[in-house]
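S.K.: Let's see this in three dimensions:
(2 chains)
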Amino acid sequence: MKVLLVDDDTNIRMVAVMGLEDEMDWEIQEASSGQEAIQLASIQKPDLILLDMMMPDMDGITTFGKLRELDTAKDTPIIFMTAKVQPQEIESYKVLGDRGVIIKPFDPITLAQEIQDILAPKHNF
Amino acid sequence: MAAGFILNHNNLVIQEKTWVAETQAIINKLDNIAALNLKAESSARAFYLSRDQKYLNARNHAVNELKERLQELATMLKDQPQQEKNAFLLKKIISDRLALTDHATWEAAHAANDHTTVDISKGAALTEKLEDLIAEMKDCQNDRISLRETEFLHNVIQTNRIEGFLGVLCIAALSFSLFLTYRYMSAKKESDVRFRAIFNQTFQLIGLLTPDGRLLEANQTALDMVGVDPATIRHKFFWETPWWQHSPQEQEILKQAVKDAASGKFVRFQTTHIGKGGETITIDFSIKPVLDDSGKVLYLLPEGRDMTEQKRAQESTTASEQHLKALLTCLAEGVYQIDLEGNLVYMNGAAERILQYQENELLGKNMHGIIHGKSDADSSQAPFPQLSTGQREQPGSDFKLLRVVERGEELRISEDWFRRKDGTCVPVEYVGSPLLQNGEVKGAVIAFQDITTRKEAEKRVSEFYSTVSHELRTPLTSIRGAMRLLEAGKGGELTERGKHLTTMGRIECDRLVRLINDMLDIRKLEAGKLDLRYAEFDAVDAVRQAISNLQAYADEHRVSITLKPAPAIQLNADRDRFTQIITNLVSNAVRFSPLDSEVNVSLELLAPEKTLKVSIQDSGPGIKPADQRKLFKVFQQLDATDARRKGGTGLGLAICKSLVEQHGGKIGLSSMEGEGATFWFTLPLFGKQHPVKEARDTAVSLPPEPKHHTTHYRKSKGKHARVKALVAENDRFTRNLLELQLRRMGIEVICTESGEGALKILNRDPIELIILELGLPDISGTELIAKLKAEGKGELPLVVYTAQDLTHDERLATTLGETRHLTKSLSVEEDFVAAVKEVLGERARDLPDMAVVTDNRLPSMTEAEALRLRSKD
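M.R.: Residues are numbered from 1 along each chain as shown, chains lettered A, B, ... in the order given. Here you go, the predicted structure:
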C-alpha cells in the first residue's frame, strides 16, 4: 500500500514514519506541503493519503479539493490529521467526504491500527 | 222694529261674515298650498344635499297634505268658474312640479354617485308659474273682498243704517285680510327660514352657479367666511369672488374645475381659503353639475366642507408619525413591522441598510420568504456550508415571528440569521413584540441588531484558542510520539532508568494534552458556548466503556474499578460529555485512592423524579466539609500542589459541575476526612436543553484573586512551610540548575539576573535564603551585601556561589547571617545541597519530604527574561 503522508512538521512526519515502519507492505511517501502532495500524487497514484489540516501556504481543505481533482487521487481514501479538537471543526471535515480524522497528538505505536480501523467499512462516515 | 232691525242686522252680518270667512278660507287655503309646496320643495332640496332620509319623509308628508288641500280648494271654488279653472290649473302645475321632484328624489335616493340631475329650469319655470297663479288667485279673492267691502260700505252709507256695526265689521274684515296676508307672508318666510337653515347648515359652504361660473347664491356660512353682502357678489364670476381672491393659482384651479363641471363632470379637489380672521381654512371642495332631462347643464352646485380640523388632526398624526419615523430612522437597530400574515408594513433605515432592501421593495410582501426563508448559500460568515452549531437557528426553520402575532407573546432570539438582498446572511439578535390595538393583536414589531462584529470578536477569540491549542499540540505530537517510540524500543534497548524516564515524559505529555482540552472546555463553558448534542443511549453501557478506557490508568495506580451491576438505563444526554464527566470523576477517584484499593461506581434510577444518579466512591484521604464547597471551582484544589502531584489539571471538577448543570442535573459529594469520598451527580433521564443564559449563570468563573501557580513564589501552605529563596545569577544555565536543585529540596525560588533585581525582590518578598553570584553585571557582590546589611538584612542565610577564588577579606565582606562560600568549578551538586541545608539550620528540617513533592515545573524565567519575551510580541 502506498501511503502519502502530508504534514509540514518534519518531526511529526518522522514520528509517524517510525510508527508505521513495522507495516512491511506499507510504502510511505512524505510531502511537506499541499503543493508537494499534489505533485507526488499526480506522479504516482497513492492508496491512502494522510493529510494534515493546518499547513502554511495551502491548508488541508484546499489540498483536499485539489487532490480530488486529480485522476490519480480522486478515489483515494483520505484521512485528515488535525490538532484542532473543537467538535464543529471535526464535523466540518467529516462532511467533506473524507474517510476519517486522526486527532493529534496521535500515538505512533497504534497509528497503523487506527488507520486500519478508519479504513474498515464500519468506520465509514 | 228694534227686534227686526237686530234680526235683519244679524242676518246681514252673519251673511257677510260667512262670505268673508269663506273667501278668507280660500285665501288661507292658497297660502297653505303655497307653503306646503315650498315645504315639499325645500325638503326635497335638503334631501338632495344631505341624502338624509328625514328630509324625504318630510317632503312626502308635505306632498300628501298638499294633495288634500288642493282637493279642498277645488270644492271651495265650485261657484267661481274662473277661479275653479285656475284651481285646476294650479293642481296640474303642482302635480307636474311634484313629478319633477319625484324623479329627482328617486334618482338622489338610488344613484350611486354624487350626480344628481335636478331639472331646475323646468322646476323653476313651474314654480314661477305656480307662484304667479297663486298670487293671481289670491288677488282675485282679495279683489272680491275689496269689491264686497266697497259695495258693503256703499250700501251702508246709502242705507245709513247700523253704521256702528259696519265700521266694526269693515275693520274686522280688513284686519282679517291683513292678518291672512301676514300669515301667508310668514308661512313663506318660515319655509324660507327653514330652507335657509338647511342651506346654511347641512353643508358648510353651498352655492349655486350658472354653467359659465357666475354666482347665483351662496349660503350664510360661505358669506360669513368672507364677510360680504350677498348683493355685492351676485352674478360675479365665482373665481372673482372674495373666496378666491387670495390666490391666482387657486383661481385657475377653480376656473378649470368650473369648466369641467360645466361639461358635466363632477369635480372634487382640496383647496385652502383665507378666513375672515386671516386663518387658513382647508376645504374639501366639489362642484356638481345640475342637469336637465336632455343632459344639459343648468346650474353648478359648488359645495365645500371645512377640513381644517380634520386636516390639523391628520397633520398632527402625520407629524407624530414622522417624528417617530425620524426617530426610528436614527436608530442603529433595524426595526420593521409586519401584519398578521407576516407582510411588511414598515421598515426603518437601519433595517434597509442591514438587509439591503428599500422599504417600498418589500411593502406588503411576506417577510418569511424574503429575509427569514431558507437560502442555498446559507451563510456568508460560516467557513463551511453545513457548519452546525447546535442551538443556532438557520433561516427558515419556522417563522417564529408568526407566533408573536398568533399568541401575542414577545420573542427574543439571541442569535439568528436574516437574509440580505444579495443572498448573503447576516447574523442578528432580535426581539419581536406583538403590536396591540385595543387589546387586539394587529401585527408585530421586530427590532434587530447586526451582531456581525460581536460574532467576529467571538470568532477571533475562538480562533485564538483553537490556534493556541493547535500550536501546543503540534510540538506535543512530536514529543509524545518520540517518547512512545522510545518506550516501544524503536530507539534501541533502554535501561530500566531510561524506560522510567521516557514513560514519565509520555505521561506528562498526556497531562499537557488533557490540560489543553480542559482549558478549551472551560473557555467554552465560561462563554456559554458549549453546546450539548442530545441523543438517547444506555447510561450503564456508557459508564462501562468509560471505565474500561480508564483501566490502564487504574492499573498504573494499582487501583481496581468496579461497576455495580445494573439493568440498562436509557438516558437522553450528550454522550461524549456524559463520558467526560464519568472519566473525570473516576480518574479523580483513582488518583486519590491508596494502592490496592477499590473505586466503586454505581448507577441508580430515582424513579419519582425520572432521574439518573451516578455515584463514584473511593477510599482516598477524604475531604473536610469546609473544603468541599471549594472543590468545584476552577484551579481551586485544596492544595495547589495536590492535583498536580496526582497528575490532575485542576479543571476537571469545575468542568463536571458545568456539564452536569447544563444537562439540568446536580453534582455533589459526601465525605469525611480520612474516610474516602463519594462523588455523585444526577441527570434528568429525558434531559432538555437549558437556555444558554442559565448555562452562563452556572458557568464557572475564575476567582479574582491571583492564582498560586501563576507566580514564581507562593505562600507557605500546609504543614510544610516552604522556604523562599532568591537566586541572583546572570548565567542562565547555572541559574536554572540552581533553581532545579532548590526546588527539589522543596524550596520556593525566585530568580534574578541582576543586583538591582535582587534588591527589588528582597524589598518586596519575604526571602529567607539568598544564593548569590558575586560577579553580577551591575552591582558587585561586595556592594550588594553592604547594601543589604545597611537595610537590616544582615542576618539572612546566604550561599555565595562564585567563579572567583575569594580572599579572607573578600569572604568577610560577602557574609550575611549564616553564610557558605562555594566555588563554581570545585563544587558538586551535593556540596550545594549541603551548603543550603547548613545555612538554613533548623529550617532545613521543615523542608518537605522529597518523595512527596515532585515539582515538575519548567525552570522559571527571571522577570527580565519574561519582560523581554513579552516585548517581543
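S.K.: show me where the stretch 501-650 of chain B has strands.
M.R.: Counting by DSSP state E, counting those that start in this stretch, the segments of the stretch 501-650 of chain B that form strands are B:535-538, B:559-563, B:570-573, B:597-606, B:611-617.
S.K.: what about the ones you listed, which gets the closest to residue B:24?
M.R.: The closest of the strands of the stretch 501-650 of chain B to residue B:24 is strand B:570-573. By CB to CB, the value is 109.0 Å. Glycine gets a C-beta too; all of them are placed from N, C-alpha and C.
S.K.: Buried ones in the closest one, by neighbour count?
M.R.: Of the residues in strand B:570-573, those buried by neighbour count under the rule 16 or more other CB atoms under 10 Å in any protein chain shown are B:571-573.
S.K.: Dump those to JSON lines, plus pLDDT and distance to residue B:73.
M.R.: Formatted as JSON lines, those follow (pLDDT from 0 to 100; distance: CB to CB, whole Å):
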{"residue": "B:571", "pLDDT": "90", "distance to residue B:73": "108"}
{"residue": "B:572", "pLDDT": "89", "distance to residue B:73": "103"}
{"residue": "B:573", "pLDDT": "90", "distance to residue B:73": "107"}
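S.K.: mind listing the helices in chain A by residue range?
M.R.: Remark: helices of chain A, listed N- to C-terminal, are A:10-20, A:34-43, A:60-69, A:87-94, A:111-119; assignment by DSSP state H.
S.K.: In TSV, list those along with distance to residue B:546, mean pLDDT and mean neighbour count.
M.R.: Output for the helices of chain A, formatted as TSV (distance: least, CB to CB, whole Å; pLDDT from 0 to 100; neighbours: other CB atoms under 10 Å in any protein chain shown):
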stretch	distance to residue B:546	mean pLDDT	mean neighbour count
helix A:10-20	26	92	20
helix A:34-43	38	93	19
helix A:60-69	31	89	18
helix A:87-94	18	70	17
helix A:111-119	19	89	16
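S.K.: quick one: which of the buried residues of strand B:570-573 is nearest chain A?
M.R.: residue B:573 (15.2 Å; CB to the nearest CB).
S.K.: My guess is that closest one contacts residue B:683. True?
M.R.: Yes - with the criterion set as CB atoms under 8 Å, residue B:573 and residue B:683 qualify as a contacting pair; they are 5.7 Å apart.
S.K.: distance of residue B:741 from chain A?
M.R.: In this structure, residue B:741 and chain A are 31 Å apart, going by CB to the nearest CB, to the nearest Å.
S.K.: Which secondary structure state does residue B:215 sit in?
M.R.: Applying DSSP: H, G, I helix; E, B strand; the rest coil to residue B:215 yields a three-state assignment of strand.
S.K.: How many residues are close by it?
M.R.: Taking other CB atoms under 10 Å in any protein chain shown as the criterion, the count of residues near residue B:215 is 23.
S.K.: any idea how far residue B:479 is from the residue in chain A positioned nearest to chain B?
M.R.: For chain A, the nearest residue to chain B under the criterion CB to the nearest CB is residue A:15, separated by 3.1 Å. Between residue A:15 and residue B:479 the computed distance is 9 Å (CB to CB, to the nearest Å).
S.K.: And for residue A:55?
M.R.: 20 Å.
S.K.: Who has more neighbours out of these two?
M.R.: Higher neighbour count among residue A:55 and residue B:479: residue A:55, with 21 against 18, using other CB under 10 Å.
S.K.: list the contacts for the residue nearest to that one when sequence neighbours are not counted?
M.R.: Nearest residue to residue A:55, sequence neighbours excluded (CB to CB, 6 or more residues apart in numbering or on different chains): residue A:8, at 4.5 Å. With contacts defined as CB atoms under 8 Å, 6 or more residues apart in numbering or on different chains, the neighbours of residue A:8 are A:32-33, A:52, A:55-56.
S.K.: Counting neighbours, which of these comes out on top?
M.R.: Neighbour counts for the contacts of residue A:8 were taken using other CB under 10 Å; the highest belongs to residue A:52, which has 27 neighbours.
S.K.: beta partners of it?
M.R.: Taking DSSP bridges, one obtains residue A:81 as the residues bridged to residue A:52.
S.K.: Which one, of the strands of the stretch 501-650 of chain B, ends up nearest to residue B:775?
M.R.: When the strands of the stretch 501-650 of chain B are ranked by proximity to residue B:775, the top entry is strand B:559-563, at 52.3 Å, counting by CB to CB.
S.K.: contacting residues for residue B:815?
M.R.: Contacts for residue B:815 (CB under 8 Å, 6+ apart) come out as B:785, B:798.
S.K.: and it, backbone torsions?
M.R.: For residue B:815, the backbone dihedrals (degrees, to the nearest 10) come out as phi -120, psi 140.
S.K.: Ok, residue B:499 next?
M.R.: Dihedral pair for residue B:499: phi -60, psi -40, per degrees, to the nearest 10.
S.K.: just to revisit the earlier point, intersection of neighbour lists for residue B:573 and residue B:683?
M.R.: Shared contacts of residue B:573 and residue B:683, counting by CB under 8 Å, 6+ apart, come down to residue B:663.
S.K.: Count the residues that sit near the nearest residue to residue B:794 once chain neighbours are set aside.
M.R.: The spatially closest residue to residue B:794, leaving aside those adjacent along the chain, is residue B:816, at 5.7 Å (CB to CB, 6+ apart). Neighbour count of residue B:816, defined by other CB under 10 Å: 18.
S.K.: Give me the distance between residue B:816 and chain A.
M.R.: Here residue B:816 is placed at a distance of 48 Å from chain A (CB to the nearest CB).
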